[in-house]
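K.L.:
below is the structure, and that's it, no one-letter string:
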Ligand code: 5GP
Ligand code: MN
């Protein structure tokens, strides 16, 4: 077998064996991933989907809600079941599954209504993820927070399952998409040399990096760009003393530009390009709640900030949370947070 030798095995051997056993025994498999699926959520889910199909399993990908239009080109995306569109089907599939793979999230709260179905299902549950503090309800917990994408964990798992040869160009493309999007096209969390060894192997499987980049990032709508211009000029507040910046968008702002799902993805990162800004927050008013996205540089823990003020969490440098109330009040709360964290913000070395 053509297994690349220089990669360090990641997944514990007993977890590899357990996963193999569960897959072998299973006939019906469900893969699910977090709310508002991103490139890594879909990349990891679809790569595993294609792999499991190639070995003859009856497998479905179920997502809690719609995913952005700039990920629809992905092979298998057309077959994804969206819970908000056909909840009965999603519920039945989860109930009847032998194994449920939970990808790219750490707690069942992150999959909305699907969480209850997964919890109640008699299926064996396998978590594959890179967020901190996973729930303890899974039969197999493959959790590696230091790995920058779940898609990379899938690649390493397939390798350790002895199935490197089963990774074809389609599977490789899905894995690369997740690795690329979760690292900002390898501009953060990507100093591990093995990330680039994996990319090299994926290229050998026949992926077209340039095309994948174009499919994801050069396919935005005109409306997104007009909204972006507006957001940067009219809705960005910079707090130089706190080394922080905020972009906020009300429901009205979003309605005026008639944008689609995913059109504000990536806005949160932009203020980090301003000199001396190490903490960027994006606040968006949705139908039921105010969604908060946070990003930081260096050792500043934006996940702690999210936990402290927005009932959320996530990674050290990328986190999220929610606020129930008026958008103005969420901004006031954020500003209160800046005061509390002012010393840490000032002292963070990047
Ligand atoms: P994003 O800003 O891209 O929506 O989320 C970035 C990261 O923050 C996610 O990968 C996830 O770890 C975390 N995150 C986002 N929203 C929430 C939330 O509502 N609760 C928690 N606990 N984590 C979140
Ligand atoms: Mn991820």
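P.N.:
Great, that's in hand. Remember, predicted model here, so these are calculated numbers, not experimental data. Numbering: from 1, shown residues only. Ligands and ions are numbered 1, 2, ... in the order given.
K.L.:
pick out the least confidently modelled helix or strand of this structure, by mean pLDDT.
P.N.:
Every helix and strand of the chain was ranked by mean pLDDT, DSSP states H and E. The lowest is strand 313-314, at a mean of 90.
K.L.:
is that strand anywhere near ligand 1?
P.N.:
Yes - with C-beta under 6 Å from any ligand atom as the criterion, ligand 1 is reached by strand 313-314 at 313-314. C-beta here means a position set from N, CA and C on the backbone, and glycine is covered the same way.
K.L.:
can you give me how far that strand is from the chain middle?
P.N.:
12 Å (C-alpha atoms, centre = their mean, to the nearest Å).
K.L.:
the next helix or strand after that strand pairs with which strands?
P.N.:
Sequence order places strand 318-323 as the next helix or strand after strand 313-314, per DSSP states H and E. Strand 318-323 has these partner strands in its sheet, going by DSSP bridges: strand 290-296 (antiparallel), strand 313-314 (antiparallel).
K.L.:
give the contact list for residue 183.
P.N.:
148-149, 189-190, 195 (C-beta atoms under 8 Å, 6 or more residues apart in numbering).
K.L.:
and if we set it to 7 Å?
P.N.:
148-149, 189-190 (C-beta atoms under 7 Å, 6 or more residues apart in numbering).
K.L.:
ok, now residue 51?
P.N.:
Contacts of residue 51 (C-beta under 7 Å, 6+ apart): 158, 166, 171.
K.L.:
again, only this time at 6 Å
P.N.:
residue 171 (C-beta atoms under 6 Å, 6 or more residues apart in numbering).
K.L.:
hmm, back to that, quick one: closest of the strands paired with strand 318-323 to residue 335.
P.N.:
strand 290-296 (13.0 Å; C-beta to C-beta).
K.L.:
what's the following helix or strand after that closest one?
P.N.:
Following strand 290-296 toward the C-terminus (DSSP H and E): helix 302-310.
K.L.:
in that following helix, what counts as buried?
P.N.:
302-306, 309-310 (16 or more other C-beta atoms under 10 Å).
K.L.:
next one: stretch 144-162
P.N.:
144, 147-161.
K.L.:
in helices, which of those appear?
P.N.:
Using DSSP state H, the subset of these located in helices is 150-160.
K.L.:
which one of these is nearest ligand 2?
P.N.:
Within those, the smallest distance to ligand 2 is 4.9 Å, found for residue 150 (C-beta to the ion).
K.L.:
quick check, the closest one in contact with residue 104.
P.N.:
Yes - assessed by C-beta atoms under 6 Å, residue 150 is found in contact with residue 104 at 4.1 Å.
K.L.:
now the common contact residues for these two.
P.N.:
40, 44, 129.
K.L.:
ligand 2: which of these is nearest?
P.N.:
For those, the nearest to ligand 2 is residue 40 (3.4 Å; C-beta to the ion).
K.L.:
what's the neighbour count on that closest one?
P.N.:
28 (other C-beta atoms under 10 Å).
K.L.:
next up, the contacts around it.
P.N.:
The neighbourhood of residue 40, defined by C-beta under 6 Å, 6+ apart, consists of 104, 149-151, 178, 181-182.
K.L.:
could I get the full set of strands for the stretch 101-250 of the chain?
P.N.:
124-129, 140-143, 236-239, 244-249 (DSSP state E, counting those that start in this stretch).
K.L.:
which one, of the ones you listed, ends up nearest to ligand 1?
P.N.:
Nearest of the strands of the stretch 101-250 of the chain to ligand 1, taken as C-beta to the nearest ligand atom: strand 124-129 at 9.4 Å.
K.L.:
would that closest one count as contacting ligand 2?
P.N.:
No - judged by C-beta under 5 Å from the ion, strand 124-129 makes no contact with ligand 2; its nearest approach is 7.7 Å.
K.L.:
so which bits of the stretch 201-350 of the chain are right by ligand 1?
P.N.:
Going by C-beta under 6 Å from any ligand atom, the residues of the stretch 201-350 of the chain near ligand 1 are 268, 293, 312-315, 318-322.
K.L.:
max pairwise distance over the residues you listed: which two?
P.N.:
Pairwise distances among those were taken by C-beta to C-beta; the largest, 16.9 Å, belongs to 315 and 322.
K.L.:
before we move on, the earlier item: can you say which of the residues of the stretch 201-350 of the chain next to ligand 1 are buried?
P.N.:
268, 293, 312-315, 318-321.
K.L.:
distance to ligand 2 for those residues - can I get that in JSON lines?
P.N.:
As requested, these are exported to JSON lines (distance: C-beta to the ion, whole Å):
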{"residue": "268", "distance to ligand 2": "15"}
{"residue": "293", "distance to ligand 2": "14"}
{"residue": "312", "distance to ligand 2": "15"}
{"residue": "313", "distance to ligand 2": "14"}
{"residue": "314", "distance to ligand 2": "10"}
{"residue": "315", "distance to ligand 2": "9"}
{"residue": "318", "distance to ligand 2": "9"}
{"residue": "319", "distance to ligand 2": "12"}
{"residue": "320", "distance to ligand 2": "12"}
{"residue": "321", "distance to ligand 2": "17"}
